[in-house]
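*Asks:* got a structure for you, letters missing:
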């Protein structure tokens, strides 16, 4: 990076920044449903099996709740207490058992290291300081077990300016990811929501 994004957007490192966006209903990344790509992955393919899954940057919990409904052992982690309050309420209303953690993923309890079969991420990699994306990939590796898989619906890959969401160079991302993972699955032909069609890809990395 030519610039230190922290100096331009220091607020992205603060939980309050994200809480305020949820409170003011400016959480434009929230679909208010599970990602249709994630739904298809679980319901229509045999690419992943039931197991322990971490939903990274789970927000209001829709993907986490969907995974729990499909008998995954689910932990959701998010930086926003406001979002997790909503997620916990939904879980109670639907009588679902899963765990939500209010935490910066970079500081997640080390007891979870080597624990998860899967980590699913959507609109989280694009929300962190791009200078820390390499660190975040490494963290995902550390919290997966030896057969674990990182599933990312990587967005946006359209070379947009500014952020968040910060554009992700898919080639640079893969160069970093292959230090820890090998690519099992790649597709651009996914059922993205209309505003994001052509701007995201699905990767499964083991």
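*Replies:* That came through fine. As the structure is a computational prediction, the values presented were derived from the model and not from experiment. Residues are numbered from 1 along each chain as shown.

*Asks:* can you pull out the strands in this structure?
*Replies:* 52-56, 73-78, 99-102, 116-122, 144-154, 183-187, 201-205 (DSSP state E).

*Asks:* pick the most deeply packed of the ones you listed.
*Replies:* Among those, strand 52-56 has the highest mean neighbour count (mean count of other C-beta atoms under 10 Å), at a mean of 26. Backbone N, C-alpha and C define where each C-beta goes, glycine included.

*Asks:* so for that strand, mean pLDDT?
*Replies:* The average of the pLDDT scores along strand 52-56 is 98.

*Asks:* listing partners with orientation, what would you give for that strand?
*Replies:* Strand 52-56 has the following strand partners under DSSP bridges: strand 73-78 (parallel), strand 116-122 (parallel).

*Asks:* and residue 176, what does it touch?
*Replies:* 133-134, 137 (C-beta atoms under 8 Å, 6 or more residues apart in numbering).

*Asks:* now, which of those residues sits nearest residue 47?
*Replies:* The closest of those to residue 47 turns out to be residue 137 (C-beta to C-beta; 20.0 Å).

*Asks:* which ones are touching the closest one?
*Replies:* Residues counted as contacts of residue 137 (C-beta under 8 Å, 6+ apart) are 150, 173, 176-177, 179-180.

*Asks:* low pLDDT regions in this protein?
*Replies:* Applying pLDDT under 70 to the chain flags residues 1-10.

*Asks:* in a markdown table: the contacts of residue 176, plus distance to residue 96.
*Replies:* As requested, the contacts of residue 176 are exported to a markdown table (distance: C-beta to C-beta, whole Å):
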| residue | distance to residue 96 |
| --- | --- |
| 133 | 31 |
| 134 | 34 |
| 137 | 29 |
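
*Asks:* hey, where'd the helices end up in this protein?
*Replies:* 5-8, 15-23, 36-44, 62-69, 81-93, 133-143, 170-177 (DSSP state H).

*Asks:* now, of the ones you listed, which is deepest in the fold?
*Replies:* Mean neighbour count (mean count of other C-beta under 10 Å) peaks for helix 62-69 among the helices of the chain, with a mean of 23.

*Asks:* what packs against it?
*Replies:* Using 3 or more C-beta pairs under 8 Å, 6 or more residues apart in numbering; DSSP states H and E, the elements in contact with helix 62-69 are helix 36-44, strand 52-56, strand 73-78, helix 81-93, strand 116-122.

*Asks:* just curious, which of the contacts of residue 137 is nearest to residue 90?
*Replies:* residue 150 (25.2 Å).
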